[in-house]
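Enquirer: Sequence plus predicted model, see below.
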Amino acid sequence: MAERLADVPPTAGLPLRAGDLAWPGTDADLASALARFLGVPQVQIECSGTACMVVALTALKRLAPTRTEVVVPAYTCPLVALAVAHCGLQLRVCDLQPGTLDLDPVHLRQLCGPHTLAVVPTHLGGRLTDVATAQACARAVGAWTLEDAAQALGARVGDRSVGAHSDMVFFSLAVGKGLTLFEGGALVVHDPALRQACAQASAETVPRHRGWELRRSIELLGYALCYRPAGLGLVYGRPLRQALKRGDWVAAAGDDFDPEIPLHRVGRWRQAVGVRALARLPDFLAQGTARALRRRAQLTRITGLPVLGDSPSVPGAAGTWPVLMVWMPSTAQRDAAIRALWGAGCGLSLPFVHALPDYPRYARVVPAAETGALPHARALAGRLLAISNSPWLDDARFEQVCAALARFSR
Ligand SMILES: Cc1ncc(COP(=O)(O)O)c(C=O)c1O
């Protein structure tokens, strides 16, 4: 891997086309287009996945003011912790089952109680997690389930979209998440009364804020221009290598989030861009799945390198494949591989650098009581490695990645 070729993005995002960027006509109703795509009666569009969480938790908090705690996986996006803190709620951090992304049911039962407002099972990296157990634990104490499908738009369980079996689900439309508005989110709530409560929470707490919308529109134009092999070196590869040179893995992984959560309405132009790109999403996801299944078989042939799949507890699970996630034999081997390959532009990265309690910059939003053992989430954080499923990682480069990973896993 001596020669560095064009940078591959860390996940498979759907590129935009010039025709997507036209001024909106009657095609600016992203909520209806996504509702048809997901097969649900209604979708609520917000300015990010994090904003979806803020709106949903605000609505739940109004319905059950004595419930103040939200249970999340110990290995997840730090924005989840920031959303909980933004709502003035308390984070409870749940360990995972060994070698999986499923919440540990024993720990989850210990965490759930009369103060629990919501449990947030999370479909990380497009892999479907066990929602039924989380839902049962939440229901047993009178709490709600909010599925985090930020990274799993298009994932299915049987013949229904992910999220059909709990109280509500949200999807991220941020960069790298398949369909993107640069930043955006989609919230689906099943019970009509709860849906109305979420719509009301949004109407009362999310301002129009034209400044933010203008900024996001410019950023989306930048994405349309630069999200291609020739542009990625500038917008992704260069800052990545600068962060790695400083030894700043948190910045390299994009885990260095601003604690202030922007809340604003999504304008008609960005919605129209999303509607037009959405028409290509089913084909893009189908091609990504075919490529990922082929590549998963290749990776599985490497001794000692399991590939994370959908949870075995979810019959009919068909997750999406923005990345392939492998489980390296040890943290030392994972770190050696990532040191050698992260900056090389061949699509290797870390989903998140740490378990939630282990980021010094988020200590303010993770209560000290939540920093306990969490052995399985910490093992995952130490050994997981993501390989991009972008179509721009061609077969020859993927073979090189496999050869390198085989060397590092010996
Ligand atoms: C698992 C998970 N949850 C929530 C979020 C927040 O979504 P957004 O970036 O759209 O605010 C992300 C974003 O990366 C995520 O990966």
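Expert: On my side now, so go ahead. All values reported here derive from a predicted model rather than from experimental measurement.
Enquirer: Give the rounded mean pLDDT of the one helix or strand Ala56 maps to.
Expert: Assigned by DSSP states H and E, Ala56 belongs to helix 49-63. In this model, helix 49-63 has a mean pLDDT of 98.
Enquirer: Could you check how many residues crowd around Gln196?
Expert: 12 (other C-beta atoms under 10 Å). Placement of C-beta: from N, CA and C, glycine included.
Enquirer: Against Val189, how distant is it?
Expert: Distance, Gln196 to Val189, by C-beta to C-beta, to the nearest Å: 9 Å.
Enquirer: Can you pull the residues that touch both of these two?
Expert: The contact sets of Gln196 and Val189 do not overlap (C-beta atoms under 8 Å, 6 or more residues apart in numbering).
Enquirer: In contact with the closest residue to the ligand within the stretch 1-150 of the chain: list those residues for me.
Expert: When scored by C-beta to the nearest ligand atom, the stretch 1-150 of the chain has Gly49 as its residue closest to the ligand, at 2.6 Å. Residues in contact with Gly49, defined by C-beta under 8 Å, 6+ apart, are 79, 148, 150, 170-174, 185.
Enquirer: how much space is there between it and Thr289?
Expert: For Gly49, the distance to Thr289 - C-beta to C-beta - is 22 Å.
Enquirer: ok, now Leu82?
Expert: 31 Å.
Enquirer: Neighbour count for the two, which is higher?
Expert: Higher neighbour count among Leu82 and Thr289: Leu82, with 22 against 17, using other C-beta under 10 Å.
Enquirer: The more buried one contacts Pro259, doesn't it?
Expert: Yes - taking contacts as C-beta atoms under 8 Å, Leu82 lies within contact range of Pro259: 5.9 Å.
Enquirer: where do the contact lists of the two overlap?
Expert: Common neighbours of Leu82 and Pro259 (C-beta under 8 Å, 6+ apart) are Val365.
Enquirer: Ramachandran angles for Ser388?
Expert: phi -60, psi 140 (degrees, to the nearest 10).
Enquirer: quick one, what contacts it?
Expert: Per C-beta under 8 Å, 6+ apart, neighbours of Ser388: 8-12, 323, 347-349.
Enquirer: Report the spatially closest residue to it, excluding sequence-adjacent ones.
Expert: With sequence-adjacent residues excluded and distances taken as C-beta to C-beta, 6 or more residues apart in numbering, Ser388 is closest to Gly347, at 3.1 Å.
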